[in-house]
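A.B. asks: Need coordinates for the below:
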Amino acid sequence: MIIQLHKHTTQEDIDTIHVTLNKAKYSVTPVNTQLDNYLVCIGKEEVDLRRIGGLKGVKDIHRVSDSYKLVSRKWKTENTKINLGDGVVIGGGEPAIMAGPCSVESETQIEKVVEHLIKNKISVIRGGVFKPRSSPYAFRGLGIEGLKMMHAKCKPYNIKIITEVMQVSQIKEMQEYVDVFQVGARNSQNYNLLDALGEIDTPVLIKRGISGTIEELLHSAEYIFSKGNERLMLCERGIRTFETMYRNTFDINAIQILKDRSHLPVIADPSHGIGIREYVSKLALSSLISGADGIIYEVHEKPEEAVSDAQQTLNFIESDLLIRKISALKEILHSF
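C.D. replies: Prediction:
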């Protein structure tokens, strides 16, 4: 059960609600976010929602059977919108496009990518500065200096930055230069990191774990929401299965399931989803048809020279063509 409180509910009123619920053998966890105040109530016995809803200070009350209560659509039926500022809204009805290199490599590289994004009216750049790599000898990013450089190149054009954070200690130094923190597949169940991201106001995109279930992804989002940050996005990026002919098994089924189970925006990552450049655009379009609120993909002027993920990165010509196809697809989607 979720109880929404009025903004100016007094502590005395909250104490009364606690006492009433405790008598009904419910545990009560307060959750105060940047948008609202809630009480998450867990118990086995039935209670009269009308009686609880009539208590002073209660704005609304919802019965939610899902274990991931705050991110569940059972209490919030309207879609959540994430406003990044300057007219950039995720989940607002128009497909969001986030594009950029796997890794930030150089000033020249970012300048070229920014030019490409401006040309195609893309307002969110992706780019890793702290890279979790399978091999300890692979390029692992330029770190905070790379992020500062990317921020300097993007800010004059109001291009928003999404980049991966790998550990709690990085959040503070990165926050000034980041518009969306990305939780990568390897960290989707790093609960210390999820808790810390719940204590800030910056939006967070959470990727599904390498072998994670849909429910595990929803629980990861619940961790962040329950700590106070409800500006969240879910990301389907493929999972590891027995198939070896491509990088991951892109679970397009998950997009619609996530949309049905949660009110949070759902973003698709076709680059990691298949890991083969010539199929990325087709998966991107398929994702939008399947109901995704946006896509995040990798682009580089010369993918063959990229220091990471070259095999799944679109070049500028391929990216131009994808954007044109998305524009055409929008007209079709609006007619449904």
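A.B. asks: what about the closest residue to residue 66 other than its chain neighbours, neighbour count?
C.D. replies: Nearest residue to residue 66, sequence neighbours excluded (Cβ to Cβ, 6 or more residues apart in numbering): residue 72, at 4.3 Å. All C-beta spots, glycine's among them, are computed from the backbone N, C-alpha and C. Look at residue 72: counted by other Cβ atoms under 10 Å, it has 20 neighbours.
A.B. asks: quick one: the helices in the stretch 51-200 of the chain?
C.D. replies: Using DSSP state H, counting those that start in this stretch, the helices of the stretch 51-200 of the chain run over residues 107-119, 143-154, 168-175, 191-197.
A.B. asks: So for residue 30, which of the ones you listed sits nearest?
C.D. replies: Proximity to residue 30 (Cβ to Cβ) singles out helix 191-197 among the helices of the stretch 51-200 of the chain, at 15.4 Å.
A.B. asks: any weak-confidence spans in this protein?
C.D. replies: For the chain, applying pLDDT under 70 flags the ranges 133-139, 335-336.
A.B. asks: Which residues does the longest helix seen in it contact?
C.D. replies: Taking DSSP state H as the criterion, the chain has its longest helix at helix 316-334. Contacting residues not belonging to helix 316-334 are listed as 94-95, 97, 99, 116, 119-120, 122, 277, 280-281, 284-285, 288-289, 297, 299, 301, 314 [Cβ atoms under 8 Å, 6 or more residues apart in numbering].
A.B. asks: ditto for stretch 271-279
C.D. replies: With contact meaning Cβ under 8 Å, 6+ apart, stretch 271-279 is reached by 102, 185, 236-238, 246-248, 250, 270, 280, 283, 296-298, 303, 309, 311-314, 318.
A.B. asks: for it, how far is the first residue from the last?
C.D. replies: Using Cα to Cα, to the nearest Å, the span of stretch 271-279 from its first residue to its last is 9 Å.
A.B. asks: ok now do residue 215, which residues does it touch?
C.D. replies: 67, 68.
A.B. asks: quick one: what helix or strand has it in it?
C.D. replies: For residue 215, the element it lies in under DSSP states H and E is helix 214-226.
A.B. asks: Could you check how far that helix is from the centre of its chain?
C.D. replies: Relative to its chain's centre, helix 214-226 lies at 11 Å (Cα atoms, centre = their mean, to the nearest Å).
A.B. asks: Give the buried residues for that helix.
C.D. replies: 214, 217, 218, 219, 220, 221, 222, 223, 224, 225, 226 (16 or more other Cβ atoms under 10 Å).
A.B. asks: what about the residue lying closest to the second one once chain neighbours are set aside, how many neighbours?
C.D. replies: The reference is to residue 217. Once flanking residues are discounted, residue 217 sits nearest to residue 208: 4.6 Å by Cβ to Cβ, 6+ apart. By the criterion of other Cβ under 10 Å, residue 208 has 26 neighbours.
A.B. asks: do residue 322 as well
C.D. replies: Neighbourhood size, residue 322 [other Cβ under 10 Å]: 23.
A.B. asks: ok, it to residue 315 distance?
C.D. replies: 11 Å (Cβ to Cβ, to the nearest Å).
A.B. asks: got the contact list for the residue lying closest to residue 86 once chain neighbours are set aside?
C.D. replies: Leaving aside its sequence neighbours, residue 86 sits nearest to residue 158 (Cβ to Cβ, 6+ apart; 4.2 Å). With contact set as Cβ under 8 Å, 6+ apart, residue 158 has these partners: 85, 86, 88, 123.
A.B. asks: Which one of those sits in the busiest neighbourhood?
C.D. replies: Within the contacts of residue 158, most neighbours by other Cβ under 10 Å means residue 123, with 22 neighbours.
A.B. asks: ok, the spatially closest residue to that residue that is not a sequence neighbour to residue 162 distance?
C.D. replies: Nearest non-adjacent residue to residue 123, counting by Cβ to Cβ, 6+ apart: residue 88, 4.6 Å away. As judged by Cβ to Cβ, residue 88 and residue 162 stand 11 Å apart.
A.B. asks: count of neighbours near the nearest residue to residue 60 once chain neighbours are set aside?
C.D. replies: The shortest distance from residue 60 to any non-neighbouring residue, by Cβ to Cβ, 6+ apart, is to residue 4 (4.4 Å). Neighbour count of residue 4, defined by other Cβ under 10 Å: 16.
A.B. asks: check contacts around residue 4.
C.D. replies: By Cβ under 8 Å, 6+ apart, the contact set of residue 4 is 36, 37, 38, 58, 59, 60, 61, 62.
A.B. asks: Let me have those in CSV, extended by distance to residue 26 and neighbour count.
C.D. replies: Shown next, in CSV, are the contacts of residue 4 (distance: Cβ to Cβ, whole Å; neighbours: other Cβ atoms under 10 Å):
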residue, distance to residue 26, neighbour count
36, 20, 14
37, 17, 18
38, 14, 24
58, 14, 18
59, 18, 14
60, 17, 13
61, 12, 20
62, 14, 17
